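Engineer: A structural model of the following input is requested.
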Amino acid sequence: MHAQVQNKDESSPYASTEHSYRAFAWWGSEKTGLARTDSAPNAIHFTAPPQFGGMQGRWTPEDLLLAAIASCYTTSFRAIAEYSKLKYLDLGVEVEGKVRKADQGYSFGDFMIRPTLTIEDAKDESKAARLLEKAKTACLVSRALVEEPAFEPQVRVASARMSPELTEVTA
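Structural biologist: Numbers count the residues shown, from 1 in each chain. Next comes the predicted model:
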């Protein structure tokens, strides 16, 4: 995931009107895959959940989505708290979701965000509660869950001579 600034004024990270991010996942013929991004040095090994035939001890797409919600919420809160000049000691965020059998396969939903904020001064309690609520509506990842992603499929066929080069076929 690489952020690209689309604005001439680069003096502030908030000055840009658009940023692009990218991730890549690869799955071989086994029970595990790799995901990587341009912004992080290490790839993440992932698998299907063990309930669906995946390996124990690896991240799953479900885990990654819940982690994306939790980390987005914490970074949203940090920005809002900083802007509002709220001093806090600690923020822990638990996110839970449920996978259920649906008419067409499975659905992933019923997301619950449980932030626990530790503040130093009781006089900031109502302000802290307001800012926790504000962060819920500011989190880009949780707001994106209702939007169906655009889809650009590609099919590639390995060349007949088994070279590493691939010929691209668009669907």
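Engineer: So which elements touch the lengthiest helix in the chain?
Structural biologist: Counting residues, the longest helix in the chain under DSSP state H turns out to be helix 61-83. Packing partners of helix 61-83 (3 or more CB pairs under 8 Å, 6 or more residues apart in numbering; DSSP states H and E): strand 44-46, strand 90-102, strand 105-118, helix 125-138, helix 140-144. Every C-beta, even on glycine, is put in place using the N, C-alpha and C of the backbone.
Engineer: let's see it at 10 Å
Structural biologist: strand 23-27, strand 33-37, strand 44-46, strand 90-102, strand 105-118, helix 125-138, helix 140-144 (3 or more CB pairs under 10 Å, 6 or more residues apart in numbering; DSSP states H and E).
Engineer: possible to save these as JSON lines with mean pLDDT and mean neighbour count?
Structural biologist: Below are the helices and strands packed on helix 61-83 laid out as JSON lines (pLDDT from 0 to 100; neighbours: other CB atoms under 10 Å):
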{"stretch": "strand 23-27", "mean pLDDT": "95", "mean neighbour count": "12"}
{"stretch": "strand 33-37", "mean pLDDT": "95", "mean neighbour count": "16"}
{"stretch": "strand 44-46", "mean pLDDT": "95", "mean neighbour count": "17"}
{"stretch": "strand 90-102", "mean pLDDT": "93", "mean neighbour count": "13"}
{"stretch": "strand 105-118", "mean pLDDT": "92", "mean neighbour count": "12"}
{"stretch": "helix 125-138", "mean pLDDT": "94", "mean neighbour count": "15"}
{"stretch": "helix 140-144", "mean pLDDT": "91", "mean neighbour count": "15"}
